[in-house]
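> For reference, the sequence and a predicted model appear below.
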Amino acid sequence: MKKIGFLSLLFLGFLPAALPQKQNNELPDLPSQQPAKEMEALVRKLNIDSAVTVKNTITIKGRRVPYTVIAGTIPVWNENGKPIAGVFYTYYERSDVTDRSSRPLLISFNGGPGTPSVWMEIGYTGPRILQIDDEGYPVQPYGMRDNPYSILDVADIVYIDPVNTGFSRAVNKDIPKTKFFGVNADIKYLAEWISTFISRYKRWASPKYLIGESYGTTRVSGLALELQNAQWIYLNGVILVSPTNLGIERGEVMGAALLLPYYAATAWYHKVLPADLQQKDLTDMLPEVEAFTVDEYLPALAKGGTLGEAPRKQIATKVARYSGLSEKAVLQQNLSVSASFFWKELLRDKGYTIGRLDSRYLGVDKKDGGERPDYNAELAAWLHAFTPAINIYLRDELNYRTDLPYNMFGNVFPWDNENNKTGENLRQAMAQNPDLHLLVQSGYYDGACDYFNARYNMWQMDPGGKLQSRMTWEGYRSGHMMYLRKEDLATSTQHLRDFILRTIPKAGKGAKYGGEERGER
């Protein structure tokens, strides 16, 4: 990962008490006789409070939707009220809506930690998306096109880039990294920033939703409680796209067992399962694997070395059957097959590795031997597609003028992972707020944040089963970024649209428990 230092403050032209106005974001004229270093110092610094505005229209589900997009930065303040960073955002607002008190606001994050919101903005929910083929592979010439599946018809959206991702930066190198780079520090400053954004854009009355992808699910799960308890902002929904473990402990045995259904889905996709399994549809085959995982595989792994030779052989035979690996390979791994070994082994005899975040993608290693792939095949393809597209979009279409590099992966290390209780944070936020609902979206071919672990999160967040009626899980036949496959983009955005419209409370309905038995809805 490329190491990138913090950049200095350009000027403090912020408007703390008012909505950011459209500003001239042109670069300054640079006299030709200036030394090169001085010229760079003038243009590669952050304007921590800026905004440019563009108007556009899009057709969604056959209807014309006019909108305004604002690209800019809003400061992060320290405890003394001084700016310590500028966070870049793009905000999409449907412009034919006059009353925003009932208009939902979707607050969107990606993950890493260390990546901006580019992935969902121009790949999933935004009105403009990158040009890729129907399965999500990069194509040239690079560019952008309208997204007929955008959810801008039902919700306004703000995409937020945490510090050192995208164009977001600290004001200078002396600001402690601990202010930003850690599970709980990240949640704290972003909650305060969201409060500032909501005040500036007058969205306090609006129904509010958080959506996060990958590490962004850790972020928004923690934000759900932080926004309630520290900023007094109450949500109607949280959407987790390809969720992490959310700080819910697995242990080595549980972690190994829960991966098997993902292995089976991947093996099915690559057509290496036994004929009786292969001829079934994916979602008809997986329940058998899931039941074996919970009822037989997990107890066998828990027994470790005390498992007898005969039952060990029986378990290895079934793991091989469901994973597409050889029985010999499973036994050599002591029944516990690591994900990295699976990615290397499944198609080894064909000369390919499979992708970590999306196992539909194939890679080619220097050597067929070894325990893990040389690189992530899917990530190379995604960076190939997204990097030129986001720079074209922000710099050319939205006319946001800066010579800062747009950090697809920024330096956010060391990252403090201590005291990650974000799954419990989300549970507590849902318990405190009867109007808060959860939607989880997973790709069956995601090996980093696999679908069965996502479902396990939901089981463990709510061991008493009292919140299950407000939790929904959806699966898709693609990987980590399921929306890159055209068929799944259409389906997953409709699931978002349905979730948002379903969870907006009726006018005047009280947020309380106990109404169900009296027929209240």
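It's in. Numbers count the residues shown, from 1 in each chain.

> Next, give phi and psi for the spatially closest residue to E290 that is not a sequence neighbour.
Excluding the flanking residues, the one nearest E290 by C-beta to C-beta, 6 or more residues apart in numbering is P261, at 5.2 Å. Every C-beta, even on glycine, is put in place using the N, C-alpha and C of the backbone. Phi and psi for P261, reported as degrees, to the nearest 10, are phi -60, psi -40.

> Report the contact partners of P261.
Contact partners of P261, counting by C-beta atoms under 8 Å, 6 or more residues apart in numbering, are 286, 289-290, 293, 450-452.

> okay, those in CSV with pLDDT, distance to A191 and neighbour count next?
Conversion of the contacts of P261 to CSV gives the following (pLDDT from 0 to 100; distance: C-beta to C-beta, whole Å; neighbours: other C-beta atoms under 10 Å):
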residue, pLDDT, distance to A191, neighbour count
L286, 98, 37, 23
V289, 98, 39, 26
E290, 98, 36, 18
T293, 98, 37, 23
D450, 98, 29, 28
Y451, 98, 29, 27
F452, 98, 31, 24
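
> ok, back up a step: distance of the residue nearest to E290 relative to D446?
12 Å (C-beta to C-beta, to the nearest Å).

> cool, and I157?
23 Å.

> Then G508?
Counting by C-beta to C-beta, the gap from G508 to D446 is 41 Å.

> gap between the two ends of stretch 461-479?
End-to-end distance of stretch 461-479: 24 Å, with C-alpha to C-alpha, to the nearest Å as the criterion.

> for the record, mean pLDDT for it?
Mean per-residue pLDDT for stretch 461-479: 96.

> same question, stretch 482-491
Stretch 482-491 shows a mean pLDDT of 97.

> Same question for stretch 101-116.
97.

> Buried ones in that stretch, by neighbour count?
Using 16 or more other C-beta atoms under 10 Å as the test for burial, stretch 101-116 gives 103-116.

> Now distance to P414 too, for the contacts of P261, in TSV please.
Output for these, formatted as TSV (distance: C-beta to C-beta, whole Å):
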residue	distance to P414
L286	38
V289	38
E290	37
T293	35
D450	27
Y451	30
F452	31
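
> Return the closest of those residues with respect to L496.
Y451 (17.4 Å; C-beta to C-beta).

> Which of the helices or strands spans the residue nearest to M254 when sequence neighbours are not counted?
Counting by C-beta to C-beta, 6+ apart, the nearest residue to M254 once its immediate chain neighbours are dropped is L298, at 6.9 Å. L298 is part of helix 298-303 when elements are defined by DSSP states H and E.

> After that helix, heading C-terminal, what element do we hit next?
Following helix 298-303 in sequence, per DSSP H and E, is helix 309-323.

> list the helices and strands that following helix packs on?
Judged by 3 or more C-beta pairs under 8 Å, 6 or more residues apart in numbering; DSSP states H and E, the packing partners of helix 309-323 are helix 260-269, helix 282-292, helix 298-303, helix 327-332.

> out of those helices, deepest packed?
helix 260-269 (a mean of 25; mean count of other C-beta atoms under 10 Å).

> Can you check what angle separates it from helix 282-292?
Orientation check (axes from the mean of the first three to the mean of the last three C-alpha atoms, to 10 degrees): helix 260-269 against helix 282-292 gives 150 degrees.

> before we move on, back to that, looking at G508 and D446, which one has more neighbours?
D446 (29 against 5; other C-beta atoms under 10 Å).

> and of the buried residues of stretch 101-116, the nearest to L331?
Of these, the one sitting nearest to L331 (C-beta to C-beta) turns out to be G111, at 35.8 Å.

> So which residues make contact with the strand or helix carrying I107?
Assessed by DSSP H and E, I107 sits inside strand 105-109. Contacts to strand 105-109, defined as C-beta under 8 Å, 6+ apart, come from residues 117, 120-121, 125, 151, 155-160, 162, 190, 194, 198, 203, 206-213, 216, 219-220, 500.

> Might you calculate how far it sits from the centre of the chain?
11 Å (C-alpha atoms, centre = their mean, to the nearest Å).

> who does the helix or strand just after that strand touch, helix- and strand-wise?
Note on strand 105-109: by DSSP H and E, the next helix or strand toward the C-terminus is helix 118-120. Counting contacts by 3+ C-beta pairs under 8 Å, 6+ apart, helix 118-120 packs against strand 208-214, helix 377-391.
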